[in-house]
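> okay, here's the prediction I keep looking at, along with the sequence it came from:
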Amino acid sequence: MSKARLLRSLGGTLWPSFLTAAVASVVFFANIDPETLHMQTLPHWEFSRMAGYTIGFFMFWGVGLASSVMTFVLTERSPQESP
């Protein structure tokens, strides 16, 4: 795989997953306050509301990235299948 193709593939997996995480974070945190979620799930851990937003965003980004990578792997052709 050439360097240019690798960069396109990397951009094609990271960018959509970033956008998905941004939308998912807006929708989720418009309805759920991280402070309330923190008190209900992990009372012995201390972190700020901003840290809750950050952790949530990166969790959504990880799920989106896993989906994008799986799509890339399943659609990537092997050299034998290329026309």
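That came through, no problem. Keep in mind it's a predicted model, so treat the numbers as computed, not measured.
> any idea which residue sits dead centre in the protein?
Note on the chain: the residue nearest the mean C-alpha position is residue 61, at 1.4 Å, using CA atoms, centre = their mean.
> and it, what pLDDT?
With respect to pLDDT, residue 61 scores 95.
> spatially nearest residue to it (excluding sequence neighbours)?
Leaving aside its sequence neighbours, residue 61 sits nearest to residue 21 (CB to CB, 6 or more residues apart in numbering; 3.7 Å). (C-beta placed from N, C-alpha, C; glycine too.)
> just give me the neighbour total for that neighbour.
As a burial measure, residue 21 scores 20 neighbours (other CB atoms under 10 Å).
> shouldn't it be in contact with residue 55?
No. Contact criterion CB atoms under 8 Å: residue 21 and residue 55 do not qualify, at 11.8 Å.
> check which residues of the helix or strand that contains residue 6 are buried.
Taking DSSP states H and E as the definition, residue 6 sits inside helix 3-31. Within helix 3-31, the residues scored as buried using 16 or more other CB atoms under 10 Å are 13, 17-18, 20-21, 24-25, 28-29.
> residue 76: which of those residues is nearest?
Using CB to CB, residue 13 is the member of the buried residues of helix 3-31 that lies nearest residue 76, at 11.0 Å.
> I'd like the distance between that closest one and residue 28.
Using CB to CB, to the nearest Å, residue 13 is found at 22 Å from residue 28.
> quick one: the worst-scoring helix or strand of the chain on mean pLDDT to helix 3-31, angle?
Scoring the helices and strands of the chain by mean pLDDT, DSSP states H and E places helix 34-41 at the bottom, with a mean of 76. For helix 34-41 against helix 3-31, the angle by axes from the mean of the first three to the mean of the last three CA atoms, to 10 degrees is 80 degrees.
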